[in-house]
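1. Fold the following, please.
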Amino acid sequence: MRIIVFSLIALLGLSGLARAKNLALVLSNGYYDNGTDVATISRKHQQLVNALESQGYEVIEGKDLNRLETRQRIGAFADKIARADTVIAVLSGHVAHFGEVSWLLPADMNVSSVTGLAFRGADISFIAQLLAQKPGKSVLFVGESGRELVRIPLVQEGLARMPLPRGVMMISGAYDKVGDLLRHSFLRPNVRVIDVLRTDIGRLEIEGDIPASLELVGTRSVARTPEQLEDALGLSRGERRNIQQDLTDLGFDTRGIDGLFGNGTRTAIRGWQRRERLTRSGYLNADQVALLRQQGDEARVELRAGDRSYWAQTGANGTERGLQLYLQRYPNGQFANRARAELARMTAQTDEQAWGRAVRINTDPAYREYLRDFPNGIYKDIARIRIGAAPEVVDNDAKRVEDALRLNSVSRLLIEQRVADLGYRTGPRDGNFDLASRQAFRSYQRDRGMPSTGYVTANMIRRLLLGQ
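-> Numbers count the residues shown, from 1 in each chain. Predicted coordinates:
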């Protein structure tokens with residue numbers, strides 16, 4: 001470890017201050033429009049935000065930001081510094097420098113000259129100057145990707161040695177090491193900055209003024225219950241659904257993936273915590289959410305591999321039995337929709353053929369044979385009506401054929417849209433089969449040599465939706 005110290009500032013602790021006055025800027029760029037991505041930077045962004053917010057920081061944050069978004073976040077941060085107590089900035093991503101000037105590169109960086117970089121990059125020395133408004137109570141963390149985004153003449157990868165304003169300390173190095181040090185060492189109650197720096201912090205570099213007595217987490221921090229810690233995360237419903245999906249993929253039944261943490265989800269969380277030898281509270285903190293996501297991602301990789309392998313053994317051969325076996329094991333698998341569509345095509349085709357044969361014969365025994373072979377067929381109700389009915393009763397049952405399909409609103413809308421897309425005037429595309437829709441259907445059927453009734457049939461659905 002190399003420590004460059006310009007002065008040692010003795011500061012009072014923060015025990016008498018409210019933690020809510022602490023302010024942080026967190027910018028993480030891992031995915032770039034042009035050049036090398038470092039996905040882990042983006043994935044770890046929320047961990048940093050959660051860790052800071054759980055310790056009472058107001059966080060101005062963003063990940064994979066373009067130039068304009070970066071300026072907006074920095075501007076919002078600058079507006080709040082005067083009213084803050086302790087202030088920190090955490091910058092992670094591709095870093096480049098020219099002379100003593102260093103930049104954090106925005107996600108849309110696309111330049112070929114140092115001049116273009118100067119106008120588009122986020123100047124790290126400018127952010128240091130912002131922090132200087134709180135001398136002795138500000139720390140700049142710079143997590144470098146260690147990789148070059150693009151090659152630009154005169155520009156080098158990484159952070160330059162740069163003069164820091166008085167009262168500002170900077171910690172820089174590999175992004176994962178910087179983030180871990182902040183989360184696990186600095187963000188602990190009653191721990192001074194100097195106490196952390198006296199430990200082994202690896203190959204990170206420390207520059208500027210070391211605020212010896214500064215604590216990034218105030219000494220008056222109050223122990224919070226597991227429920228309060230989870231509430232502090234501010235999980236959105238989408239994030240809660242992701243957690244439920246992670247638990248489900250790891251074998252813990254949440255009784256639904258709906259973003260609502262009921263008894264089923266709490267029981268699943270406790271089961272997972274028991275397996276991980278964690279306190280079985282049924283509530284999650286930031287580190288546990290991150291661990292769940294990591295384990296869930298790993299489990300999904302294994303599930304997808306098993307899914308593909310079983311599909312190759314069963315459904316890929318295209319047989320009805322193989323498709324059924326696949327769906328029994330993987331009802332929500334990668335190929336489930338494909339398997340259901342193929343089975344539907346097979347069933348519809350066979351059903352349609354049997355019904356066509358019964359209609360051609362047009363006798364009671366023919367309709368009884370259809371019902372015997374297809375007791376739940378799409379024409380079962382019509383077959384029952386035709387048995388024993390007078391011929392005039394069944395002369396035109398196109399409407400009953402459509403009714404037998406039991407089309408839901410989504411299917412009706414999709415049929416109408418497909419017919420309209422083929423150039424037929426269906427009127428408003430709303431799923432209501434009005435007079436305009438019926439006329440369009442008749443034209444569609446007539447042009448394809450189908451009975452021109454204006455009512456939907458299984459054969460028409462197969463042609464429209466399955467391309468048969």
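2. Can you give me the separation between R418 and E352?
-> Counting by C-beta to C-beta, to the nearest Å, the gap from R418 to E352 is 19 Å. (C-beta placed from N, C-alpha, C; glycine too.)
3. I meant to write R188 there.
-> For R188, the distance to E352 - C-beta to C-beta - is 70 Å.
4. try F433
-> 21 Å.
5. And G158, by the same measure?
-> 68 Å.
6. just G322 next, same as before
-> In terms of C-beta to C-beta, G322 sits 22 Å off from E352.
7. and what of E320?
-> Where E352 is concerned, E320 sits at a distance of 16 Å (C-beta to C-beta).
8. the more surrounded of those two?
-> Legend: neighbour count by other C-beta atoms under 10 Å for E320 and E352, higher for E352 (17 against 12).
9. Now do the more buried one, the pLDDT please.
-> pLDDT for E352: 73.
10. the bottom helix or strand of the protein by mean pLDDT?
-> The least trusted helix or strand in the chain, going by mean pLDDT, DSSP states H and E, turns out to be strand 2-9, with a mean of 38.
11. The following helix or strand past it - which strands sit beside it in the sheet, and in what orientation?
-> Going down the chain from strand 2-9, the next helix or strand is strand 23-28, by DSSP states H and E. Strand 23-28 has the following sheet partners, assigned by DSSP bridges: strand 58-63 (parallel), strand 87-93 (parallel).
12. For R340, see how far away E402 is.
-> E402 is 22 Å from R340, by C-beta to C-beta.
13. Show me which positions of the top helix by length along the chain end up buried.
-> As assigned by DSSP state H, the longest helix anywhere in the chain is helix 286-313. Using 16 or more other C-beta atoms under 10 Å as the burial criterion, the residues of helix 286-313 that qualify are A286, Q288, V289, A290, L291, L292, R293, Q295, G296, D307, Y310, W311.
14. where's the spatially closest residue to H97 that is not a sequence neighbour, which helix or strand?
-> Leaving out its chain neighbours, the residue that sits closest to H97 by C-beta to C-beta, 6 or more residues apart in numbering is A160, at 3.6 Å. Under DSSP H and E, no helix or strand contains A160.
15. Equivalent analysis for I210, please.
-> strand 205-211.
16. What average pLDDT does that strand get?
-> For strand 205-211, the per-residue pLDDT averages 90.
17. How about stretch 428-437?
-> pLDDT averaged over stretch 428-437 gives 85.
18. Can you give me the neighbour number for D231?
-> For D231, using other C-beta under 10 Å, the count is 12.
19. what helix or strand does it sit in?
-> Using DSSP H and E, D231 falls in helix 226-232.
20. helices or strands up against that helix?
-> Judged by 3 or more C-beta pairs under 8 Å, 6 or more residues apart in numbering; DSSP states H and E, helix 226-232 is in contact with helix 39-54.
21. what angle sits between the helix it packs on and strand 58-63?
-> Going by axes from the mean of the first three to the mean of the last three C-alpha atoms, to 10 degrees, helix 39-54 is angled at 170 degrees with respect to strand 58-63.
22. the inter-axis angle of helix 39-54 versus helix 286-313?
-> Using the same axes, to 10 degrees: helix 39-54 against helix 286-313 is 140 degrees.
23. so how far is helix 39-54 from its chain's centroid?
-> 14 Å (C-alpha atoms, centre = their mean, to the nearest Å).
24. And the contacts of it?
-> Applying C-beta atoms under 8 Å, 6 or more residues apart in numbering, the contact partners of helix 39-54 are 24, 26, 28-31, 59, 61, 63-64, 88, 90, 92-93, 143, 145, 175-176, 179, 182-183, 187, 229, 232-234, 285-287, 289-290, 293.
25. Kindly reformat the buried residues of helix 286-313 as CSV containing pLDDT and distance to D123.
-> Listed next are the buried residues of helix 286-313 as CSV, based on pLDDT from 0 to 100; distance: C-beta to C-beta, whole Å:
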residue, pLDDT, distance to D123
A286, 89, 30
Q288, 92, 37
V289, 93, 33
A290, 91, 31
L291, 92, 36
L292, 93, 37
R293, 92, 33
Q295, 92, 39
G296, 90, 38
D307, 86, 48
Y310, 88, 54
W311, 88, 52
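26. between these, which is closest to L465?
-> W311 (22.6 Å; C-beta to C-beta).
27. Just checking: what are the partner strands of the strand holding I210?
-> strand 2-9 (parallel), strand 168-174 (antiparallel).
28. hang on, the earlier thing: on the pLDDT front, check the residue nearest to H97 for me.
-> Reading off the model, A160 has pLDDT 89.
29. I figured it hits V95, correct?
-> No: between A160 and V95 there is no contact under C-beta atoms under 8 Å: 9.1 Å.
30. Would you mind telling me which of the two has more residues around it?
-> A direct count of neighbours by other C-beta under 10 Å for A160 and V95 places V95 higher, at 28 against 16.
31. Assign a three-state SS to E352, would you?
-> On the three-state scheme (DSSP: H, G, I helix; E, B strand; the rest coil), E352 is labelled helix.
32. low pLDDT regions in the chain?
-> 1-20, 218-223, 344-345, 347-349, 388-397, 466-468 (pLDDT under 70).
33. what about the helices in the stretch 101-250 of the chain?
-> 114-120, 124-131, 175-181, 193-197, 226-232, 237-249 (DSSP state H, counting those that start in this stretch).
34. Could you do the stretch 301-450 of the chain as well?
-> 320-329, 336-361, 364-373, 380-386, 398-404, 409-421, 435-447.
35. The ones you listed: which one's closest to G208?
-> Of the helices of the stretch 301-450 of the chain, nearest to G208 by C-beta to C-beta is helix 336-361, at 56.7 Å.
36. Please spell out which residues along the closest one are buried.
-> Going by 16+ other C-beta under 10 Å, helix 336-361 has these buried residues: A336, A339, E342, L343, T347, A348, D351, E352, A354, W355, A358, V359.
37. okay, the angle between that helix and helix 286-313?
-> Between helix 336-361 and helix 286-313, the angle comes out at 40 degrees (the same axes, to 10 degrees).
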